[in-house]
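Novice: Pasting the sequence and the predicted model now:
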Amino acid sequence: MRRPANQRERTIVELAARLADDFALRAAEHDRDGTFPFENYDLMRDCGYLRLTVPEEFGGMGASLYELMLAQERLAMGDAATALAVNMHLTPIGQWAGIWRITRNPAIEDVLRRAGENTLVWAGFTSEPGVENVIMGAKTRATRAPGGYIVDGYKVFCTNIEVATDFTVSVQHDDPVHGPELLLLKVSRDSPGLRPVRNWDVAGMRSTQSGDLEIKSLFVPEHNVVHRQPIGQYNETIARTILCWGVSSFGAVYSGIGAGAIEWARQQVARRNRQTDPAVRQLFAEMEVLLETGRAVAYRHAQEVREEQIFEQLTIQEVMARSALAKMVPVNNTIAIMQKIIDAVGSAAFQRKQPFERMLRDAHAGPFMPFSNLAAYRLFAANVFGEELAPTGPALDLDEARAAAARAVGSSR
């Protein structure tokens with residue numbers, strides 16, 4: 001269905017559409033060969049798409065979460081793998097932009113300025129074998145060293161690793177005073193002690209090339225600690241950033257796969273003059289309901305984040321559940337759309353030369369991305385029965401953060 005949009009939203013979507021149509025020309029080749037689309041990043045850098053969520057004062061478009069969802073859905077219609085990869089840059093920048101507006105943290109400002117100058121591409125590497133909840137713990141370890149930490153560990157599903165200039169890694173540090181804590185550390189790509197492992201050989205999202213990262217004796221200075229929290233606790237900063245932006249925006253990428261697949265199916269049906277078949281029409285109507293339902297859940301979440309209601313009135317566990325829902329519903333609805341397309345189109349959907357075959361494989365990467373379906377169901381059920389799955393750390397003192405930011409701004413004048 002068409003939806004209303006203001007001029008700014010139309011401009012952002014039109015930019016994404018131009019890129020998507022171009023990326024679609026190469027998507028099958030990159031998928032077949034498992035090659036990373038470096039040329040797509042060159043185009044996104046040149047046209048400003050990599051600056052989509054950079055604050056306007058630093059040369060970006062200052063896109064909100066809702067605007068990001070609109071753009072990413074349209075981009076994924078042409079090439080879902082590129083959309084998923086660049087999401088790992090766009091969402092952290094958008095997340096940190098929101099925190100910077102509250103705190104005026106100079107380290108965050110440096111990241112945003114570099115992103116606005118096109119000298120930084122970001123990513124976040126938290127996934128590890130055997131660690132289901134990566135926002136609460138890690139196997140990668142950091143030990144104290146003069147001026148910082150020495151890090152050793154192994155990360156998997158490192159999406160955007162092929163182009164990221166900087167990234168965060170999650171680690172566990174056993175503090176002798178405060179006990180085990182989770183740290184997020186800012187790392188430069190050229191730091192000694194990093195070895196990308198190019199072992200990405202999967203069924204879908206092949207051209208993301210989300211290989212592994214081996215970390216040995218990596219030194220990270222103290223000032224590159226961007227976040228810390230006790231192991232096993234929920235945290236408001238993580239909720240405001242990784243969950244509300246990162247997790248929920250995955251849903252938009254998968255809605256884009258569904259929307260692109262529906263358009264391909266519509267063309268196939270029209271070519272065969274089957275659009276008047278009542279059974280086919282019913283299937284397309286059901287697809288539209290699934291697509292719009294997923295969008296509605298995601299867009300409601302974006303509105304709640306923008307208006308701060310989600311943080312003012314809900315617990316962090318409830319915030320996590322709503323972030324998971326905004327990702328889970330579009331993903332699962334897209335997979336349901338794929339089956340209906342197979343029913344409507346028939347044998348054409350089974351041909352490898354058709355883009356639907358790639359879309360079908362890409363769609364099935366969604367359910368195990370965070371939050372996985374099972375992890376999301378645990379959250380939903382716990383909230384229904386009023387159970388606390390983990391303790392929640394101290395709430396952010398926004399008034400004090402804003403006052404400190406105002407003092408910092410005032411002292412710089």
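Specialist: That came in fine, so what should we check first?

Novice: What number of residues are in the vicinity of residue 62?
Specialist: 17 (other C-beta atoms under 10 Å). The C-beta positions use only the backbone N, C-alpha and C, and glycine is treated the same way.

Novice: likewise residue 377?
Specialist: Residue 377: 14 neighbours (other C-beta under 10 Å).

Novice: Please apply the same query to residue 221.
Specialist: 12.

Novice: who's it bridged to?
Specialist: With DSSP bridges applied, residue 221 shows beta-bridge pairing to residue 148.

Novice: Flag the shaky bits of the chain, pLDDT-wise.
Specialist: Regions of the chain meeting the criterion pLDDT under 70 cover residues 396-413.

Novice: ok, now with 50
Specialist: For the chain, the stretches flagged by pLDDT under 50 are 407-413.

Novice: how does it divide into domains?
Specialist: The chain breaks down by automatic domain parsing into domains covering 7-116, 124-230, 236-384.

Novice: The last one: end-to-end distance?
Specialist: Domain 236-384 has its terminal residues 21 Å apart, counting by C-alpha to C-alpha, to the nearest Å.

Novice: What of stretch 72-88?
Specialist: Taking C-alpha to C-alpha as the criterion, the two ends of stretch 72-88 lie 11 Å apart.

Novice: got the residue ranges for the strands in the protein?
Specialist: Per DSSP state E, the chain carries strands over the ranges 124-125, 141-145, 148-155, 166-175, 179-188, 194-197, 212-221, 225-230.

Novice: Out of those, indicate the one that is most buried.
Specialist: Of these, the one with the most neighbours on average (mean count of other C-beta atoms under 10 Å) is strand 124-125, at a mean of 25.

Novice: Next, name the residue at the spatial heart of the protein.
Specialist: Residue closest to the average C-alpha location in the chain (C-alpha atoms, centre = their mean): residue 246, at 3.8 Å.

Novice: closest to residue 1 out of the domains of the chain?
Specialist: The closest of the domains of the chain to residue 1 is domain 236-384. By C-beta to C-beta, the value is 5.8 Å.

Novice: Run a quick neighbour tally on residue 297.
Specialist: Per other C-beta under 10 Å, the neighbour tally for residue 297 reads 20.

Novice: ok, now residue 393?
Specialist: Residue 393 has 15 nearby residues by other C-beta under 10 Å.

Novice: Contacts only, for it.
Specialist: Listed by C-beta atoms under 8 Å, 6 or more residues apart in numbering, the contact set of residue 393 reads 229-230, 233-236.

Novice: before we move on, the earlier item: which residues touch the residue nearest to the centre of the chain?
Specialist: Contacts of residue 246 (C-beta under 8 Å, 6+ apart): 87, 91-92, 95, 124.

Novice: Residue 31 contacts residue 209, correct?
Specialist: No - contact criterion C-beta atoms under 8 Å: residue 31 and residue 209 do not qualify, at 11.2 Å.

Novice: So which of the two has more stuff around it?
Specialist: When neighbours are counted by other C-beta under 10 Å, residue 31 and residue 209 differ, and residue 209 comes out ahead with 25 against 22.

Novice: May I have the phi/psi pair for that one?
Specialist: Residue 209 adopts backbone torsions of phi 50, psi 50, taken as degrees, to the nearest 10.

Novice: Straight-line length of stretch 171-183, end to end?
Specialist: Across stretch 171-183, first to last residue, C-alpha to C-alpha, it's 5 Å.

Novice: Stretch 42-57 too?
Specialist: Note: stretch 42-57 ends 23 Å apart using C-alpha to C-alpha.

Novice: Residues contacting that stretch, please?
Specialist: 12, 15-16, 18-19, 22, 41, 59-63, 67-68, 71, 75, 86, 89-91, 93-94, 97, 100-101, 112, 115-116, 118, 121.

Novice: Just the buried positions in it, please.
Specialist: Under the neighbour-count criterion of 16 or more other C-beta atoms under 10 Å, stretch 42-57 has 43-44, 49-55 buried.

Novice: Stretch 363-371 too?
Specialist: For stretch 363-371, burial by neighbour count (16+ other C-beta under 10 Å) applies to 363-367, 369-371.

Novice: Including distance to residue 215, could those residues go into JSON lines?
Specialist: Listed next are the buried residues of stretch 363-371 as JSON lines, based on distance: C-beta to C-beta, whole Å:
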{"residue": "363", "distance to residue 215": "32"}
{"residue": "364", "distance to residue 215": "30"}
{"residue": "365", "distance to residue 215": "25"}
{"residue": "366", "distance to residue 215": "28"}
{"residue": "367", "distance to residue 215": "28"}
{"residue": "369", "distance to residue 215": "22"}
{"residue": "370", "distance to residue 215": "20"}
{"residue": "371", "distance to residue 215": "25"}
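
Novice: Tell me the spacing between residue 250 and residue 347.
Specialist: As judged by C-beta to C-beta, to the nearest Å, residue 250 and residue 347 stand 31 Å apart.

Novice: whoops, I mixed them up, residue 271
Specialist: 13 Å.

Novice: Between those two, which has more neighbouring residues?
Specialist: residue 271 (10 against 7).

Novice: residue contacts, that one?
Specialist: Per C-beta under 8 Å, 6+ apart, neighbours of residue 271: none.

Novice: same thing with residue 123?
Specialist: For residue 123, the contact set (C-beta under 8 Å, 6+ apart) comprises 88-89, 92, 158-161, 164, 166-168.
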